[in-house]
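Asker: Predicted model, plus sequence, below.
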Amino acid sequence: MDDNLFQANNKRKFDRNQLYYYLKVYHNKTNKLAGYVGDISPQGLMLFSKKSAKPDKVFNFRIDLDEGFGLDKKFIFEATSLRCDKDVNPEYYTIGFKFVDLEQESMDIVTYLIEKFGFIK
């Protein structure tokens, strides 16, 4: 795990933004539902999932964004799992991921999602 992602008191170096809408995240190769985005930042995301994930594993994910989101794109990305904890809802885990080498177009999608669907702080 990258210790630089956390500061004292186990706080992240970067802020994440909760979204109004829990976007569905799929495993890109199998099309199986991986979970739902709980929060997102330009560096990574937190996923609510019914399955746990071991740290330091790279996943290939996809979020389908249709015209209801103001886009008609498939956001395909790789992310490395950093942590996995049981959620307060015992049916789910919360899994922290760090994006792997996002291209500018993907960064623009993340920024768009935060601006359009994120809570204002």
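Answerer: Sure, I can see it. Residues are numbered from 1 along each chain as shown.
Asker: For whichever strand in the chain runs longest, which strands pair with it and how are they oriented?
Answerer: If you go by DSSP state E, the chain has its longest strand at strand 73-86. Applying DSSP bridges, strand 73-86 is found paired with strand 58-65 (antiparallel), strand 93-99 (antiparallel).
Asker: which residues touch that strand?
Answerer: Outside strand 73-86, the residues that touch it by Cβ atoms under 8 Å, 6 or more residues apart in numbering are 1-2, 5, 28, 44-45, 52-65, 92-102, 106, 109. The way it works is simple: take the backbone N, C-alpha and C, and place the C-beta from them, glycine included.
Asker: the strands in this protein, which residues?
Answerer: So, for the chain - with DSSP E - the strands run 17-18, 24-27, 33-40, 44-49, 58-65, 73-86, 93-99.
Asker: one step back: filter the contacts of strand 73-86 down to the buried ones.
Answerer: Taking 16 or more other Cβ atoms under 10 Å as the criterion, what is buried in these is 28, 44-45, 53, 59, 61-65, 92-99, 102, 106, 109.
Asker: related to what we said a few turns ago, can you list the strands of the chain in JSON lines and add mean pLDDT?
Answerer: Putting the strands of the chain into JSON lines (pLDDT from 0 to 100) gives the following:
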{"stretch": "strand 17-18", "mean pLDDT": "48"}
{"stretch": "strand 24-27", "mean pLDDT": "96"}
{"stretch": "strand 33-40", "mean pLDDT": "92"}
{"stretch": "strand 44-49", "mean pLDDT": "94"}
{"stretch": "strand 58-65", "mean pLDDT": "95"}
{"stretch": "strand 73-86", "mean pLDDT": "95"}
{"stretch": "strand 93-99", "mean pLDDT": "96"}
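Asker: out of the ones you listed, which comes closest to Leu113?
Answerer: Taking Cβ to Cβ, strand 33-40 is the member of the strands of the chain nearest to Leu113, at 6.3 Å.
Asker: Which neighbours in the sheet does that closest one have, and how are they oriented?
Answerer: According to DSSP bridges, strand 33-40 has the following sheet partners: strand 17-18 (antiparallel), strand 24-27 (antiparallel), strand 44-49 (antiparallel).
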